[in-house]
Structure formats: structure tokens, C-alpha cells
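In: Here is my input; please provide its structure:
(chains A, B, C and D, ligands or ions: 4)
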Amino acid sequence: MSTVAQKRGFLAVLWDYLTTVDHKKIAILYLISGGFFFLVGGLEAMFIRIQLAVPDNDFVSAGLYNELLTMHGTTMIFLAAMPLLFAFMNAVVPLQIGARDVAFPFLNSLGFWLFFFGGVFLNLSWFMGGAPDAGWTSYASLSIASPGHGIDFYVLGLQISGAGTLIAGINFLVTIINMRAPGMTYMRMPLFTWSTFVASALILFAFPPLTVGLFLMLFDRMFGANFFNVSMGGNTIIWEHLFWIFGHPEVYILILPAFGIFSDIISTFSKKRLFGYAAMVFATVLIGFLGFMVWAHHMFTTGLGPTANAIFAVATMAIAVPTGVKIFNWLLTMWGGSIRFTTPMLYAVAFIPSFVAGGVTGVMLASAAADYQYHDSYFVVAHFHYVIIGGVVLGLLAGTHFYWPKMFGTMLNETLGKVTFWLFLIGFHGTFFVQHFLGLMGMPRRIWKYLPGQGLDLFNMISTIGAFFMAIAVLVLLYNIVITQVKNVRVGNDPWGDGRTLEWAIPSPPPYYNFKQLPLVRGLDPLWIEKMEGRTEMTPAEPLGDIHMPNNSFIPFVMSLGLFIAAFGAMYQIDWRESGGEEFVWSLPVLIIGMLITLGSMAVRSLKDDHGYHIHKEELMDDTDKGGKE
Amino acid sequence: MATHESTSANPKVNYEYRRRKARDEMRMQVTSFATMIFMTFIAFIVVIADFDKYYAFPVLLLLAGAQVVLQLYYFMHMSHKGHGTAALFLYSGALIAFITVLTFLTIVWW
Amino acid sequence: MDDMNQKFTSRTWPESPEKTTLEGKNKFLGFWLFLGGETVLFASLFATYLALKDSVPSSDHYLAADMFALPLVFIMTMLLLTSSLTSVYAMYHMKNHNYQKMQTWLLLTVLLGAAFLGFEIYEFYHYVHDYNHTFTSSAFGSAFYTLVGFHGAHVVVGLGWFILLLVRNAKRGLNLYNAPKFFVASLYWHFIDVVWVFIFTVVYLMGMVG
Amino acid sequence: MKNGLKKWRFLPLVAALAFILSGCGEPFLSTLQPAGEVAQKQFNLMMLSVAIMVLVIIVVAIVYVIAITKFRRSKLGEDFIPKQVEGSHRLEVIWTVIPIILLLILAVPTVALTFELGDTQGMEAVDEEGNREALVVDVRANLYWWEFSYPDQGIVTGQELVVPTDENVYFNVIASDVKHSFWIPAVGGKIDTNVDNMNTFYLSFDGEKAQDADNLFYGKCAELCGPSHALMDFKVKTLSPDEFDQWVASMQEAGEQEEPTFDDETVARGYEVYQEQSCIGCHAVSPTQQIGTSQGPNMTTFGERSYTAGILDNRESEEVMAENIKNWIRNSAELKPGNEMPVYNEDTLSDEDLDALTEYLMSLKVYSE
Ligand code: HEA
Ligand code: HEA
Ligand code: CUA
Ligand SMILES: [Cu+2]
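Out: Ligands and ions are numbered 1, 2, ... in the order given. Sure, this is the predicted structure:
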């Protein structure tokens, strides 16, 4: 790894990215692949909306529709929203706490490649005999009955990418606990770091139940187990519980980091310290905690009985309180501030009412007896798109514009940014507001078509038109990205001028070692403190010294590739056994080879010492502000 | 970044003390091992003696809980300082574990 | 880098070698967090087992109380508990910078673990052959073998881990690079024991009671 | 919702909302036009919650609008440095306590109604002779069709549920293959039909409101169950209690009939085809068949069906109905992808036979003439 920036060939760059362990490059990998999957999921959503634009439509077939809807949900949640959040966590959190890297750079890379190969595997189902079609929740009776390999793709793909997510979660936790710069106490951490911390803790505890659930389904479908086979004593409700014990915390895994992004943006562009910082932190932790106590609100109609329903209903409602605390603290942060409506701030400002609308419908859903009506209707679809798009996606779009300069050293065009914003906002409300009414008017969700004469036609049409607005908005954003990178106008440390936290104290993008000298943190919003005292940079906490850096490694890629290969073997050994050993004879060898690749690369990793390398003091002294051009 | 967190300015003075402390601790470990074996015996005896399940279940669970505490605090050194975060996360996990098991015993039926 | 391979004597050896370097500290904490996650993983398996215990398609299937072999389980428990103690001894010697003794105790741990595994395999064989209780014969069977088997797989991983560490470091002696690795592996081993405590209590003992 | 004391403040708002929303949707389908006690109570709860939510939104909106209009940098100037306030204890308390109160106002009726709707004790009540007092219907969901059985009456119907108005009807629901969910939006919330076990709940059908819906409510499957989940509709026919008793009587009578006799030749031929093509193997024409033993909907009352296969509207005229039946028999695979009935094309079933079969099916009536 050279410290001198130079023009490198495409292959060299590619190799660099395939082997990188630098959190800033991994962030870019997450951003690109998450963004790609967002487009794929969005395209699937467009097919859904086109099919539902008019009654009795035959744009797609029934089976294809179910595949689209399943893949839309699964892709958006696991392969788009979460990785995009990871992109910003990777890009920003180490900088915000004044760290040179994450705790486990190697595992960071492994986490990414596992996610990536899991996602590719899942999406290959489209070309290999059909995608999963039992909904993103994949309820056991239907998913066990589903023919073909669709569900197998779901199970194996999520298993692989889920492992990556778990690794990423642990990595962030340790990073935040152990790698903070001198003076960066817990109660001085920016809210995005805090929410990353809590979301990572949720990942740590929520993904194991999903792993177990997926294993049970894998064993049932691939190895003849009977967990969900009622005639053999199985029980399908187990899947529902395991899925939702994971599934509910999952939605907070999505929303908390978005809350964090908004907290930082709102305080930045209001030129004001976050109102009620301590309460915000406490609320974040409390939401995380309560998130584990409420999962059965997705199962009110399963027949758990009134006692369970009542308990879970009340527990669910409780989450409105800490969330409300956050909403009001944001409002009060703006109150008395000096608000500048940059594109990120526009998203933040639009987020507040949009999310409140989605949140309050959540509380309505929590009212168990009334949920008997809402459940599995478009009311629920409206609720969760309001919180997910009004919260998470607006957060991601805000983050994209806000952190773009820090990640790439260029500034997205503000005018185009605002065009994207308005188109998207209008489209979003247009699409999903009417869906509340569709649900109440008796339209179940996950329906391939509806017949005319049920009073559902008009609102569905409106909804589809709204979706097109969103699609155009996304295209404008893509255009914006392209022209920005082509023009390539470089920016300095603090391009927004209002930066308050550590990431804005170093070049954009930061040099690969981040901080030449670890900064001394003297309070919340450390850069702001320095600015108020007339400085533009942080005071260092240590003398200039050697910096220890990890080596790049290709092993994470190979390790994940091995699992990817093995997954094919695991899947086709079903056919091999069904054909009595006649066909698919390659399946078992492929399974074994894949596992050997993975285990082999693990062995290489543990047998070969990797102590990293040092950047010497002298080099650093020469390297004054060259980092920006890496 | 392999910075040393030197435990003492003068390792030689410290050395004897540390050795002794480690030995004492090892003795504790053996004691807790003996306790664990003893508790395992009781647990098996409770079952062989065929006690009523309303009596046996709480006793068995209590014994298991006690064993786990010994494992965690002595064998896994959770009693040492610097384990606060570890303990926090382990107990959070245990809480979620408890709720999971509880629900599966109550609202997964038939 | 140089720190990493620095030679120590038992006198210069730090008190908590597993947490002396930042790498070690990270590894140590990361691993504890991982164990927090594992707790939930096993809880999900236990919960599933409890929900499906004795859930069989017809009355000609054996139930838990009909077949569990307590003497076997007792021996297995003793083996695993003892292996926990031997690994504590190993860590005791690790902290005293006595590499040879550490190796010996770890080897003992591996042997005890392997013996445990042997008995477990025999036990499964016994249930399959004498009671027709298989992975696919009923939901009860699936849940039983999955829970106990997951634990067994952890034992296998633990053994492989110890062996790999022992082989790799056979001639190197202790340093700050490998000390955390040994320490973390032994934490893992204790955790396996913790899980087993619940397995013998909840699955076998409570299963026999009814 | 018996919390009159707490409710009164919201009453005007609730009433206004209810008025606006009840304009939405069709009376036979919409939850916003409740046609039964259960749906009505749920509707009231919904309106209470909407009122609370609107209140919350209004409060947020007021603070929000003031904040983003008053504190713009373009108004305050670039150099203005806002006071870096840390927070306010009093405000924190206010916005913690008020939401808690609002949630309690919602939680209490929620819990009460959850228990009320979960109470199916009424199912067990018996009169002096040990006969059950309430009507119980066993519902069995099958891939894309519904079977309804009246265990105490000993009769079965397919696709169309017939119920008396203005009394509680208790349901035992279960699924044969994969999980479905039983939902009659205008009459009350849904309950899942699990494969593992029986779920129970009750509904009641309001006689007056039913008239607005032509005495025919739409029922839906509300759980993804495969390609034709969207089309797994059923219909609910409401009768007054007296009519219902007559209906039961005629069904029971129909069950006692031996070999049918036919005046019409075509119908007689249709009957033969029905046997030859072994339609009878999947579709019984006796109403006393046991639930869960048949592979297709029971046909005893087919001539009275308002819809064919739950999706093709027969109500316009006899001709339309005949068309629907033929369409179904020829194209069932396209009409409901993935459904279990074989397709009968010209090779397996001639046009004449199809005509006869249709005549026969349309003649299957027990209650109306
Ligand atoms: C980012 C994702 C996200 C978020 C943040 C939420 C947040 C919430 N959700 Fe949502 N939810 C989903 C994603 C999300 N949800 C998804 C994807 C599904 C469907 C899954 C599927 O079936 O496919 C779902 C489904 C779902 C259901 C099941 C519905 C059903 O299937 O029948 C329920 C039921 O209780 C529910 C409730 C809630 C509640 C109470 C909140 C709360 O956290 C909201 C709290 C916020 C507020 C309340 C607003 C701000 C508060 C104030 C201004 C204070 C004052 C407010 C009051 C006094 C009310 N959600
Ligand atoms: C992060 C989560 C997320 C996001 C962002 C979205 C975004 C969108 N969703 Fe989402 N949706 C879910 C999560 C999400 N959804 C989930 C979990 C379900 C439940 C699934 C289930 O029931 O199992 C669901 C279900 C669901 C349904 C219900 C389907 C049904 O029940 O039958 C509908 C219907 O309108 C819908 C619509 C949309 C639309 C229009 C968008 C839009 O916002 C999308 C906007 C984006 C674009 C429009 C991209 C545009 C880009 C291009 C056009 C360029 C393409 C170019 C290339 C590929 C090169 N979604
Ligand atoms: Cu049956 Cu959907
Ligand atoms: Cu939820």
C-alpha cells in the first residue's frame, strides 16, 4: 500500500477493493452494492405497482408476483437498507470517535463479503428456476410446501449474509467500546455513533434467532427434519416466533441508525447542540431494549389468546414514549436554532412529520383488538412504508448527500438534490398515504390482483402514479452522482461549513490512517468547541508517532466465496437424493469443495501470522494533507 | 498499536505477589470445581430418587443456575474487574434467552 | 510488530496477557459479545426443543423418559466438567508463562473433550438403533438432535480450535500475539460447558422426570 | 369501550372522523362500514385511536411549523450563533407524561376489547336438553376454497357461508394444507386458520346493515397462501333467524334424499356426465358430507351460489351464471393459478356435455326456487 496517490489501472483498483480492510473503502463497497440492491428492489416494487395499477391486471403472472413481492421485501430489508446503513456506519463512526480504524479490520471485510455473496446468491434465484415466493416472512407452512428451490435460495442466502451482518455488528460494538479517542467518553459520542452502538447490540441478539429459524427450515427442506411438519409432530408457530423475535428488533436496527443520521444533520444545520442529548441517548437505548419485548404484535391474529395479545399490545404501545421523546427533542433542537435548508436538512425536516405519521399508525396497529382488522391488509403496508421510507430511506438519502463529500471528496449538486428530494417526497406520500384507506376498505396485502367492483380501483391507481415519482427521483439522484464524479470538484475538511463532530476535522476523504495524531476530545461536538475558540482543527492528544496498520487480505473474499459455492451444493443435493443418486451427482462434491475452500482459508488465516505494518513518523510528516487524493 | 499496559512499574516486586495470588485463585477454582461436581451428583440423585416433578424441576434448575454462575465467575473470570461490559452483554443475552424460552413454553401450543 | 514477537520470561510476562495489547483487548471483548449472541442462539434451540419435546406422530414412538440413558449422560457430564477444570489449569499456567504445562493441560482438555464426543456419538447411535429415534423420525427427533447436535458441533469446533492453536504454536512459546488466542479459545470451551449444564439439566434430567 | 369518562373529550373528533371515513369503500367489504357488533366495536376502537393520533400529529405539526418558519438562517443571518441549550427537564417530563396518558386512554379499551373478543365461552352454553344454544360453524380453509360445516345441524357448504343475522355465530377455524386467514372485513377482524390447531372466535351480523350490502358480504383470505391467494374469496349470505332455520331444514331434507330424479333431459345427462367425469369424486352433492373429507367444494347448493369459485359474479342472470360455470370448467387453471381442479378441455369434455353439466349444476338448489 503506497501512501503516494497515483493513477492506477482498473485492475489494480479492483484488486485493492477486493482485498481492502480499510473501513472507508469497505464503506464504499457497502454503498455501491447496497445501492445496487436498492435499485433492484425498487424495480421489483415498480413491477408490483404496475401490476396493481388497474383491477384484474395481467402484467405479471400470479407466481411471478409472489416472487417479486418476496424478493422486494427481502432485498430491501436485508440487501439494501441494512448495507446502506452499514456504509455510513463504516464511513463515519470510526471518524466520529477519533479512531484510526475499526476493531477488527479483517472481520469488517469478511462481513462485507459474506453479505455480498449472500445477496448475490439470493438474487441468482431469478435465473435458476425461480425466486422465493412465500413473502419476506416466509411462514413455515407455505414455505415448506413451496416447490422448487426458491425458498432454499432464501434460506441459504440469508444465512450467509446474516453471518456477515452479525460479524459487522460485533465489530462495531467493539470498535465503539474500545477504540474511542482520548476524552471521547460515552456521553460525548455523537448520536449516530450511539445509535450504531445500540443497533449493533440489537444485531447481536436478534440475528441468532433468525439463524436458528433458518437452520430449522434448512433442515426441514434439505435434510428431512420435521420441525414444521405437522403430521410428524411439528409446529409452524415456532417459525413465526423465531422470525419475529428477530423481525421486530430488525426494524429498529433499521430505524435507529437513521435516527442517528438525522440527529447529527439536524444539529449541524441548526447550528445548535442537540437538545436533550442525555434523553436522546437514553431513549435510543430504551427503544432498543423494548424492541425485544414486543415481537408478538405481528402475531395478534395467530391465536395466541387474549392474555398474550393484551400484554404484547401494551408493551408495544410503550415504545411510542421514547420515540416521542426523540421527536420532540429534534423539534426543540431546531427551535431557537439557525436552520439552513441544505438537501440533507430538507430530508431531515421532511422526515419528522412523515415518520410521526408512520409511527402513530404503528400504535394503532398495536391496539390488538383493532389489529384483527388491520392485520395483513394494506393498512400495514402503508404503516411500514411510512416508517421505513419516511424514516430509513429518507435517512439514507439524507446521509448520502450529507456524507458524500466525506466519502468521496466531492459535493453532490444541491439543485439536483432538491429536485430529487421533492419528487421523492411527493411520490412517497402519494404512493402510501392512500394505502391506509385501501387497507381499511378491505384490501388484503400480498394480493396479485384485485377484481373490479370492490371500490379499490382509484386509490390503487394513485398509488402507482406516486411510485413513478419516486422512480424518477431515484434516476435524478443517479444522474447527480454521475455528473458530480465526472466534474470531480474537490472539497476541504468541512464542506458544509457547519460540521460539529470529529469527521469534519480531517480531509475529505480522510487519509487511510484517518488521524495523523489522535484528537483530544473536550466535550460533545468537539469540532464545534474548537471552532468556538477560533481554531479550525482539533488539538492533538498525542505526539506524532508511528501508526500501526493492518495488511490487506484476499482471504475474506475467498472465505465467503467458499460458502457461496457450498450453498449450491447444499441446495442441489436435494435433487440428487430425490433422483436416487442419478442426477446432480456433482452436488455433494461441490458442497464439500465449497466448505473446504472456506475452512482452508480460515486455516490459512490462523496459521499465517499477520501483524500488519507501521507507517513511520517520517512518512507522516512528508504526507501533509496528501490523503485527500488517495 | 500494540501498546503495553504495564501492570506494575517494578515487575520483580510484583512477581511473588502475583504468583501467590494466582495460586490462591487456582485453589478457588478447584473448590468451585468440586462444588460443581457435587451439585451434579445431587441433580442426578434427585432424578434417580424419582421425586415429584414440582419438587424436582425447581431444584434442578437452581442447581444448574448455580453451576453456571460458578463457571462464569470463576472459570471464566467474570468476577475479575474489566468484565463489566462483557457481563452487561451476557446478561442482556440471558434476559432475551429467558423471554424466548418462556414464550415457547406458554404460547407455542399444541 | 516487534512487540508481538517479543520474548518474555515469567517475570516480565504481564498480569493479563490476554488484554495487554489492543488487539488482545478487542479480541477478548469481541469474543464475550459473541458469547452473548450464542446465549440467544442456544436459547432459541432450547425453546424449540421444549416446544417439540415428545411431539411425535404416533404412540409407537419412544418419548424422552423412555429412552434417555442417564449413566451415559452422567459420564459425559463428568468428562466435560473436568475438561473445563483442565482448561482452567492451562490458563493458570498461561498466566504464569509456563508454556509447557499449558500445553499439557490443554492436551488433556482435548482428550477429555474427544472422549465426551465419543460418548455422545455412541449415545446417538444407541437412540437410533435401539429406539428408532432419528433426526427424521419425528419433530421430537429433529429438535433433540438439532439441540444436542449443535452443542456437539461446538465441541468439535472447540477441539479443532485447540488443536490448531497447539500445532501452530508448538515451537513458539507464549507471546502477546498468541496468548489472547489461547485465552479466548478457553473461554469458548467454558461456554460449551455452560451450555451442557443446561442440556443435561433441561433435556436429560428434566426429560426423565417427565 | 366502557370508559365513558375518558372518552368524552374525544367524542366530537371521533364522530367527525367516523363520518368522513364511513364514506370510504363498499358496504359489503369495508371495515369502515361495520355491519356487526364485532366490527362496530373494532371500528370504535379504531376511531378512538385515530383521534388520539390526529391529536398527536396536530401538536407535533404546530411546534414543527413554527420551528421551521421562525428559525431559518435566511432570516436570522449567517452570523447568528444560536444559544447552545442543553435541554430542559420540565419539557422532558411533559413530553414523557402526556404520551403515557394518551397511551393509557388507548390501552385500557384495547385490553378490554381484546379480552371481550377472545371470549368464546358462549360456544359452550347449552339448554336443558343439552343442545348447544349458539350456532357453531367449523371453517376449513383449503388451497383457494373454503368449506363451512355446521356440526350441530349436520350439514356442509362450500364457498358460501350462510348465517343468521343478529346473533353471535361461533367459528372453529383450521386449514388443511397451508396457513390461511379468515376475514370478513365488514363484519369483523380476522383470525388465522393454522395448520396446527383449531382457532376459535365469534362474529355477529347486523340484519339492517346487511341489507345495505344486499345480504352478501365478501370474505377474504388474508394470509399469503400461494399464487391464488388473491382470489381465495368467499361469500357470506345473511338470512334472518327464521329464514336461517328454514334453510337448515331444507338442507337437512336434501341430505336425506336418495337417488335424484330429473324431469329435464339435459339435466339428467348432466348428472351422468358429473358421474362419468368423476366430478363427484371431488365435489359431493350431499350436504351431510363430513368436513375435511372432500377435495373440492360441496355442490349441494351450487345453483344458489352468487359467485362461481368465489370470483365470478353470477348474480346478473342465469346466462351469466352459465357462462361463468363453463368458463371455470374450461379455464380454471388460468382463472385461479395453482388451484387443485383439473382443466377440462374439448377433448376430455365435449361442448354438449359441458352444456348439460352446466344445466345440472345450476339445478342444484335446496332453498330458493
Ligand atoms: C423501520 C421500521 C419500523 C418502525 C420504526 C416501526 C415502528 C413501529 N411499529 Fe411497525 N412494522 C414494520 C416496520 C417498522 N415499524 C414492518 C416492516 C412491519 C410489517 C412486517 C410484515 O408483516 O411484513 C411492521 C408491522 C407492525 C405491526 C404488525 C401489524 C400487523 O401485521 O398486523 C405493529 C403492531 O403493533 C407495528 C407497530 C409499530 C409501533 C408501535 C412502532 C413504534 O416504534 C412507532 C413509534 C413512533 C411514534 C408513535 C411516533 C412518534 C411519537 C410521538 C410523537 C409521541 C406521541 C405519540 C403517541 C402518544 C401515540 N408495526
Ligand atoms: C427497506 C424497505 C423497503 C423499501 C425501501 C420499499 C420501497 C417500496 N415499496 Fe415496499 N415492501 C417492503 C419493504 C420496502 N419497500 C417490505 C418488507 C414489503 C413486504 C413484503 C412481503 O409482504 O413479504 C413490501 C411490500 C410492498 C408492497 C406490497 C405488496 C403486496 O403486499 O402485495 C408494495 C405495493 O405497493 C410496495 C411498494 C413499494 C414502493 C413503490 C417502494 C418505493 O419506495 C421504491 C422506490 C425505488 C425505486 C422506484 C427504484 C427506482 C429505480 C429505477 C426505476 C431504476 C432501475 C434501474 C436499474 C435496476 C438499473 N412494497
Ligand atoms: Cu388462502 Cu391466502
Ligand atoms: Cu414489529
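In: Could you use CA atoms for every contact and neighbour count after this?
Out: OK.
In: is it true that D:T157 lies in a strand?
Out: Yes. The assignment for D:T157 by DSSP: H, G, I helix; E, B strand; the rest coil puts it in a strand.
In: which residues does it bridge with?
Out: Beta bridges link D:T157 to D:F148, judged by DSSP bridges.
In: Flag every residue of the stretch 101-250 of chain D that's near ligand 1.
Out: D:102-103 (Cα under 6 Å from any ligand atom).
In: could you pull out the helices for the stretch 101-250 of chain D?
Out: D:207-212, D:241-256 (DSSP state H, counting those that start in this stretch).
In: and ligand 3, which of those is closest to it?
Out: Closest to ligand 3 of those, according to Cα to the nearest ligand atom: helix D:207-212, at 24.7 Å.
In: Tabulate the helices of the stretch 101-250 of chain D (CSV), appending mean pLDDT, mean neighbour count and distance to C:G210.
Out: Listed next are the helices of the stretch 101-250 of chain D as CSV, based on pLDDT from 0 to 100; neighbours: other Cα atoms under 10 Å in any protein chain shown; distance: least, Cα to Cα, whole Å:
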stretch, mean pLDDT, mean neighbour count, distance to C:G210
helix D:207-212, 90, 17, 53
helix D:241-256, 89, 16, 48
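In: tell me which element the residue lying closest to A:L423 once chain neighbours are set aside is part of?
Out: With sequence-adjacent residues excluded and distances taken as Cα to Cα, 6 or more residues apart in numbering or on different chains, A:L423 is closest to A:A473, at 5.3 Å. A:A473 belongs to helix A:457-487 when assigned by DSSP states H and E.
In: give me every residue that touches the nearest residue to A:A258 once chain neighbours are set aside.
Out: Take A:A258 and drop its neighbours on the chain: the residue closest to it by Cα to Cα, 6+ apart is A:G395, 4.9 Å away. Under the criterion of Cα atoms under 8 Å, 6 or more residues apart in numbering or on different chains, the neighbours of A:G395 are A:258-259, A:261-262, A:347-348, A:351.
In: try it again with 7 Å
Out: A:258, A:261-262 (Cα atoms under 7 Å, 6 or more residues apart in numbering or on different chains).
In: Where does the prediction get shaky in chain A?
Out: A:1-7, A:622-630 (pLDDT under 70).
In: Please repeat the previous calculation with a cut-off of 80.
Out: Chain A contains residues with pLDDT under 80 at A:1-8, A:621-630.
In: and the longest helix along chain D with chain A, contact?
Out: Among the segments of chain D that qualify as a helix by DSSP state H, the longest is helix D:37-70. Yes. On the criterion Cα under 7 Å from any Cα of the partner chain, helix D:37-70 is in touch with chain A at D:42, D:45-46, D:49, D:53, D:64, D:67.
In: just stretch B:84-103 next, same as before
Out: Yes. Contact between stretch B:84-103 and chain A is present through B:G93 (criterion: Cα under 7 Å from any Cα).
In: A:I339 reaches A:K272, doesn't it?
Out: No. The pair A:I339 and A:K272 fails to qualify as a contact (Cα atoms under 7 Å) at a distance of 9.1 Å.
In: element containing C:L41, please.
Out: helix C:22-52.
In: what helices or strands is that helix leaning on?
Out: helix A:150-178, helix A:191-223, helix B:84-106, helix C:139-168, helix C:179-198 (3 or more Cα pairs under 7 Å, 6 or more residues apart in numbering or on different chains; DSSP states H and E).
In: so C:M76 sits right up against C:F116, yeah?
Out: Yes. The criterion here is Cα under 7 Å, and C:M76 meets it with C:F116 at 5.3 Å.
In: Pull the residues that contact stretch B:43-63.
Out: By Cα under 7 Å, 6+ apart, stretch B:43-63 touches B:39, C:201, C:205-206, C:209.
In: redo that, cut-off 10 Å
Out: B:36-40, B:42, B:64-69, C:70-71, C:73-74, C:197-198, C:200-202, C:204-210 (Cα atoms under 10 Å, 6 or more residues apart in numbering or on different chains).
In: What distance do you get for C:N98 to C:V88?
Out: 14 Å (Cα to Cα, to the nearest Å).
In: what secondary structure does C:Y122 sit in?
Out: Per three-state DSSP, C:Y122 ends up helix.
In: burial measure for it, as a count.
Out: 13 (other Cα atoms under 10 Å in any protein chain shown).
In: For the helix-or-strand element of chain B with minimal mean pLDDT, buried residues please.
Out: Ranking every helix and strand in chain B by mean pLDDT, DSSP states H and E puts helix B:11-48 at the bottom, with a mean of 81. Going by neighbour count (16 or more other Cα atoms under 10 Å in any protein chain shown), the buried part of helix B:11-48 is B:11, B:15, B:18-19, B:22, B:26, B:29-30, B:32-33, B:36-37, B:39-40, B:43-44, B:46-47.
In: Equivalent analysis for stretch D:205-225, please.
Out: D:205-207, D:209-210, D:213, D:215-225.
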